[in-house]
Structure formats: structure tokens, C-alpha cells
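[1] Quick one: sequence plus predicted model below, questions after.
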Amino acid sequence: MENMVNFETLFGGIYKGKKVLLTGHTGFKGSWLALWLEKMGAEVYGYALKNEDLNHLDLLSLNITQKIDDLRNLKALQNYFHEVQPDIVFHLAAQALVRASYNDPIDTFSSNVMGTLHVFEACRKTPSVKAIVNVTSDKCYENKEWQWGYRENEPMGGYDPYSASKGCAELLTSSYRNSYFNTDYFGVKHQVLLASGRAGNVIGGGDWAADRLIPDIVRATANHEAVKIRNPRATRPWQHVLEPLSGYLTLGWKLLEQDVATAEGWNFGPDLSSNLPVEDIIRLSVNQWDAISIEYSKDPNDHHEANLLMLDCSKATKQLKWKAVWGIEKTMEKTIGWYHDYYINSKVNSISDLESYVSEAKHAKIVWAQ
């Protein structure tokens, strides 16, 4: 099937031969993005901490150059930027877990705010950089748990330290865009375009992070244990990891073409039918892997987590011509199927899932796939 997909023509062929620096390449989203970029013929450079868990990146055997270090090490980061001289930067590195942020708020804020600041400073001082895509989260919004999706012009907020850190990262993005990038700064015209991408609950094969629903389910099932579910009615916008990545890559495409109008914040989420409570995701998971066993266990001492959060993605749909490819049924089939094949058959389906996704996007005549 691989020969049927011409990756190098995707996104107008913009990534072939480009130097792409990817922070957080050892993480869940980052590893999938590194795979996609390599398939499109980009020169991929990674900067991240070592992932101590099972690592999707290690299963892919990619031909990328990487530096294992901390974003808070500004000198090392700037030296790496100077060495690589990237054309575009995708910033994904972060402390990405809500419960972990309660346990260590200092690490969360220093990683997600100061780390982002360091990336922007390294970009500002590297003449080769033409575009930056900063990946934040749907949790950057002030969540009032209302029944409609948040739009890009809604106020930033954050109840827990993780959400607040992402709201801060968005404010930082706006500050650097206005102060340094795409503006006259002390008489110097900067050509760097900076956009941010905000996505919902992202699932897919290769995620083993603690305190995430799908990794918790498959990890327990592989160990012949029941998974403990804390909040079955919590509702989230579930989407396969490839969906927001196609949005980030679309942003990068437009920024590299100097489309100034895209240097803004953007939501990338599923359609409303994929905004489902946890108990529905569990049901769909069991349909794919009947060995899954569930135990409901609510701890009254658990930290606060939002019950309802949705995104309004009409801006991306209208202006970028972006839309989700897979509905929730296909998303769950691909996600649980990936883990089932990994644990039962020692098989990694990442490349075939990517090929399937691109093929279906092309069939649906989505702009980036033509």
C-alpha cells in the first residue's frame, strides 16, 4: 500500500528537503509527527527529554537527528538551533498531564512557559527560521463547562496548573508575535510567522503516558487487570492523533508560504459526534478488544478535572479548508487495533495507519492531501 501514497506531494510538497526542528519528538504526538515529516522527505531534527516509558519513537526506527536535553537549558537549545539552522519549528515539548501538574506545578510552569519562551528566543536569534507552530491545548481556554465549543477568541484561563500553563503559553505566543515576529521591531522587518494549534483529547497507538484513558485501558488489559475509571461521565472531543497533526502541518505549510493571515491561534478538533463521555469510549474500546475489563473507582480526594470541554473548529474548516478525516468509530478501531496488534501480535501498525489516513483524506478531497 505504501507505494500508492505519494507523501512528498502532501501539503503542496512544502516539506520535501526542508529542515524541520521538532521539540518533544520523543513524546506521543511528536513521534507521529516525526514519522509523517520523514515520509514527506523533510530533514527532521529533534530536541527533547528522553522518554522513560515505552517509546513509540523507538519502534519506528526513523532516520532523524536528535539531541536529548531540556528546553530549560537555554544555552544548549540555542546552540542546537544555531547548528541545525531550521526552516520551520514545531514546538510540542511539554509537561502534558493534568494530575502531574497538581503534584509538581513548578515543573509544569517552568517546562510549559519558560520552555516555550526559550524556544521563541532561539527562533528569534536564528535567521533561518521562517515559521513556528506552537502546540498548546484545548485546556488553554477559561473553561466554563458550557454546552458549546470554545472559539479561538475566547479568554485564556486554566483551573489546574497544566491548563493555566497552556493559557500562559498562548499569551506568550501572542506577545512574541506582536513584539518580534512579523512586525517592525526597531526598524527591522522580521519574516518569521508564528501560529498556535489547540487540539482536544488525542488518542492513537503508541501512547503510554500515565493517567490517560486509552493507555490506562490497554496497559491494564495487557497485564490481565481491570482498569480503574474515575469519571465515566467526563465528556471530551476525542480524535485520532493524525487529525491535529494534519492541522499543524497545514499551518506550517501556509506559514512557509508567508500567508500572514494564518499567524494566529487555531482549533483542531473532531465533529460534534465525537464529543463523547468516557463511558462511551470504554464501550467502543470493548467492541474492539473484548478482553478489556473495567472497574469504576471514584476517589473523593481526587483533584478537580473538567467534566465538559468542546472546541469550535469552524475557523479552521472555513479558512484552512481543514477537517477531520476519521469519525469516532474509525478512530477507536485504529487506536485499539494498534494496541491489540502490538500486545498480541508484536506488530506496529503506525506506517499503515498513516497511509490509510492519507489515502482517505485524498479520497475525501481534503486540500492538504491533493
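    Nice, I can see it.
[2] where's the nearest residue to T221 once chain neighbours are set aside relative to G12, distance?
    Spatial nearest neighbour of T221, chain neighbours left out: I292 (5.0 Å); criterion: Cβ to Cβ, 6 or more residues apart in numbering. The way it works is simple: take the backbone N, C-alpha and C, and place the C-beta from them, glycine included. Distance from I292 to G12, counting by Cβ to Cβ, to the nearest Å: 41 Å.
[3] Reduced to three states, what does the closest residue to T126 other than its chain neighbours come out as?
    Take T126 and drop its neighbours on the chain: the residue closest to it by Cβ to Cβ, 6+ apart is F81, 4.5 Å away. Under DSSP: H, G, I helix; E, B strand; the rest coil, F81 falls in the helix class.
[4] Just the pLDDT at F81, thanks.
    Note on F81: pLDDT of 98.
[5] Same question for L311.
    89.
[6] I figured it hits D138, correct?
    Yes: using Cβ atoms under 8 Å, L311 is in contact with D138, at 5.3 Å.
[7] anything in contact with each of these two?
    150, 198-200, 237, 267, 269 (Cβ atoms under 8 Å, 6 or more residues apart in numbering).
[8] among those, which two are most distant?
    The distance between the two most remote of the shared contacts of L311 and D138 (Cβ to Cβ) is 12.1 Å, for Y150 and A199.
[9] if I look at those two, which residues touch both of them?
    138, 267, 311.
[10] Now do the same for the second one: helix, strand or coil?
    When classified by three-state DSSP, N267 comes out as strand.
[11] count of residues packed around the closest residue to I217 other than its chain neighbours?
    Once flanking residues are discounted, I217 sits nearest to V227: 4.8 Å by Cβ to Cβ, 6+ apart. For V227, the neighbour count with other Cβ atoms under 10 Å is 22.
[12] Equivalent analysis for G252, please.
    Neighbour count of G252, defined by other Cβ under 10 Å: 28.
[13] Please apply the same query to W208.
    17.
[14] gap between it and A199?
    19 Å.
[15] Please state the backbone phi and psi of L22?
    Per-residue torsions, L22: phi -120, psi 110 (degrees, to the nearest 10).
[16] ok, it touching L37?
    Yes: L22 is within contact range of L37, at 7.1 Å (criterion: Cβ under 8 Å).
[17] Mutual contacts of these two, please.
    Residues touching both L22 and L37 by Cβ under 8 Å, 6+ apart: V44.
[18] okay, those two: which has more neighbours?
    Between L22 and L37, counted using other Cβ under 10 Å, L22 has the larger neighbour count: 29 against 25.
[19] contacting residues for that one?
    30, 33-34, 37, 44-47, 89-90, 92.
[20] repeat for F11
    40, 249-250, 252-253, 368.
[21] swap the cut-off to 6 Å and go again
    The contact partners of F11, by Cβ atoms under 6 Å, 6 or more residues apart in numbering, come to 249, 253, 368.
[22] other SSEs contacting the helix or strand hosting the second one?
    To tie it back to what came earlier, the one meant is W253. For W253, the element it lies in under DSSP states H and E is helix 242-256. Other elements packing on helix 242-256 under the criterion 3 or more Cβ pairs under 6 Å, 6 or more residues apart in numbering; DSSP states H and E are strand 131-135, strand 193-199.
[23] So for Y150 and A199, which residue has more residues nearby?
    More crowded of Y150 and A199, by other Cβ under 10 Å: A199, with 25 against 22.
[24] Skipping its backbone neighbours, what lies nearest A93 in space?
    Distance criterion Cβ to Cβ, 6+ apart; nearest residue to A93, sequence neighbours excluded, is G24 at 3.3 Å.
[25] Phi and psi next, for the one you found.
    According to degrees, to the nearest 10, G24 has phi 80, psi 30.
[26] Next: K139.
    Torsion angles, degrees, to the nearest 10, at K139: phi -80, psi 0.
[27] The closest residue to it other than its chain neighbours and N201, how far apart?
    Counting by Cβ to Cβ, 6+ apart, S163 is the residue found nearest to K139 once chain neighbours are left out, at 3.9 Å. Per Cβ to Cβ, S163 is found 13 Å from N201.
[28] Repeat that for E142.
    Per Cβ to Cβ, E142 is found 18 Å from N201.
[29] neighbour count winner among those two?
    The neighbour count for E142 versus N201, taken as other Cβ under 10 Å, is higher for N201 (24 against 14).
[30] Tell me the bridge partners for the more buried one.
    Per DSSP bridges, the residues bridged to N201 are W238.
[31] Could you tell me the per-residue confidence at it?
    For N201, the model assigns a pLDDT of 88.
[32] cool, and the one 5 residues further on?
    The score at G206 is 97. That number is its pLDDT.
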